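Undergrad: Here is a sequence together with a model predicted from it:
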Amino acid sequence: VADPEPVQPVEMPSPGAVVARVEASATTHIAVASEAPSSTRSAIGRKDNETSIRDARFEPAWLRLKQRDDDIAYAAHQLTGRPNRATSITDLTTAADRIGRASDDQLNAALDSQQRAMRRLRDADDQKTGRRERRRLVREADRRNAAVQRIRRERAARCLDELLLLTDSESATLRVDRSWLPWGSKAVDCGLDIFSRLVRKGSPVERMGLRFRPASPFTRRSSHRKGLIRIARGVDTAQVLHELGHALEISHPEIMSRTRRFLQARTVGQQPRRLSQDYPHLGYHDDEYYLPDLWFNDYCGKLYRGGATEILSMGLERLVREPIEFVREDPEYAGLILGIIEL
């Protein structure tokens, strides 16, 4: 296997420059979507104006703004893929850390501003500050939070493009039956595009038929069962990738065997705990159990009848959301995900 092309340190844009650029790019993308050639590959997905208008009728304004904010970094950053990507966790960790160091100072400064804004808001609540002043502090805290999230999404998009995504000739060809979705069409387009370029051509998931259908409007959770993926309201790109990770796990016995062995090795001697008891406000059912470990999210250790796990789905979701933090904090877990998508 050829060595991956070294990634040179890059200068991250300022939060203000990111906001201006991504909003302009998102607007441009919607305006010219119907005129773009069919060969254009962008992680924002391929949609025409009719589909965008149809989504707007069914989704409230606050939900459309949330989805735009979740996917805005991908609209700004044209993801093209590299002919050679990192094939070992050592190479991936080194390259991701190099990209992270180029923007760590900027991210830390944004986090400090976020903490100061939240501290001023808490002090205002303790001192029973006037309503107008509190509204101003809430808006300021929201702006600081948004700046942090935009920087993180920009870092994630850069890592995806330079370290993980494959070119068209190497990416998988998925068999997708996608009926009309009253919500989440943009997230599904983006998720399918990224997933097909994370997984190599010849992957067992290519032999599966993936079907997308809307979930019940009364549920907040998307789901997967034997290739049928139900999309809930408010879903974002990483959550679509989460459900596609379940399809990848059941596509071949070797993949499920790897995830089960990893779960067992990380939770030796642990007793199952009930998710609804430890996280009572997250809507878990009483029959949902997990095995605790030093997971970034305890849902990684969830137990299923039949041997399925959340290892691959949660790892794939975090690899897209926070690749730098993932490989820095848990290289063993990140290495498992990299090995599976290389199959």
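TA: Received, thanks.

Undergrad: Can you verify W180 is assigned to a strand?
TA: No: secondary structure of W180, determined by DSSP: H, G, I helix; E, B strand; the rest coil: coil, with no strand assignment.

Undergrad: for it, what are its contacts?
TA: Contacts for W180 (C-beta atoms under 8 Å, 6 or more residues apart in numbering) come out as none. Heads up, the C-betas are built off the backbone N, CA and C, glycines and all.

Undergrad: got it, and the one 4 residues further on?
TA: With contacts taken as C-beta under 8 Å, 6+ apart, G184 has the following neighbours: 67, 214, 231-235, 240.

Undergrad: Need the max-distance pair from these.
TA: Q67 and P214 (15.1 Å; C-beta to C-beta).

Undergrad: Pick out whichever of those two has more residues nearby.
TA: A count of neighbours by other C-beta atoms under 10 Å puts Q67 above the other of Q67 and P214, at 22 against 17.

Undergrad: Compute the number of surrounding residues for the residue nearest to P217 when sequence neighbours are not counted.
TA: The shortest distance from P217 to any residue other than its chain neighbours is 6.4 Å, reached at R233 (C-beta to C-beta, 6 or more residues apart in numbering). Neighbour count for R233, taken as other C-beta under 10 Å: 19.

Undergrad: quick one: R233 is in a helix?
TA: No: assigned with three-state DSSP, R233 falls outside any helix and is coil.

Undergrad: Strands along the protein, start to end?
TA: Secondary structure of the chain (DSSP state E): strands at 175-178, 209-214, 223-225, 228-231, 273-274, 289-290.

Undergrad: Redo the ones you listed as a markdown table? Include distance to E140 and mean pLDDT.
TA: Shown next, in a markdown table, are these (distance: least, C-beta to C-beta, whole Å; pLDDT from 0 to 100):
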| stretch | distance to E140 | mean pLDDT |
| --- | --- | --- |
| strand 175-178 | 41 | 88 |
| strand 209-214 | 37 | 92 |
| strand 223-225 | 38 | 92 |
| strand 228-231 | 34 | 93 |
| strand 273-274 | 39 | 94 |
| strand 289-290 | 37 | 94 |
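
Undergrad: Can I get these in TSV including distance to V320?
TA: TSV is the format used below for the strands of the chain (distance: least, C-beta to C-beta, whole Å):
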stretch	distance to V320
strand 175-178	19
strand 209-214	18
strand 223-225	17
strand 228-231	16
strand 273-274	27
strand 289-290	22
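
Undergrad: what's the closest of those to D97?
TA: Comparing these by C-beta to C-beta, strand 289-290 comes nearest, at 30.0 Å.

Undergrad: Which elements pack onto the closest one?
TA: If contacts are counted by 3 or more C-beta pairs under 8 Å, 6 or more residues apart in numbering; DSSP states H and E, strand 289-290 sits against strand 273-274.

Undergrad: partner strands of the strand it packs on, parallel or antiparallel?
TA: Strand pairing for strand 273-274, using DSSP bridges, gives strand 289-290 (antiparallel).

Undergrad: quick revisit: ok, of the contacts of G184, which one's closest to T90?
TA: Closest to T90, out of all of the contacts of G184 and judged by C-beta to C-beta, is V240, at 29.6 Å.

Undergrad: Let's see the pLDDT reported for S14.
TA: Confidence at S14, expressed as pLDDT, is 45.

Undergrad: swap in the one 5 residues further on?
TA: Reading off the per-residue confidence, V19 sits at a pLDDT of 42.

Undergrad: Same list, the contacts of G184, but as a markdown table with distance to D161 please.
TA: Converted to a markdown table, those look like this (distance: C-beta to C-beta, whole Å):
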| residue | distance to D161 |
| --- | --- |
| Q67 | 21 |
| P214 | 31 |
| I231 | 25 |
| A232 | 28 |
| R233 | 29 |
| G234 | 26 |
| V235 | 23 |
| V240 | 19 |
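
Undergrad: pLDDT check: weakest of these?
TA: The minimum pLDDT among the contacts of G184 falls on Q67, with 53.

Undergrad: From the centre of the chain outward, give me the first residue you hit.
TA: Taking C-alpha atoms, centre = their mean, the centroid of the chain lies closest to A238, which sits 2.6 Å from it.
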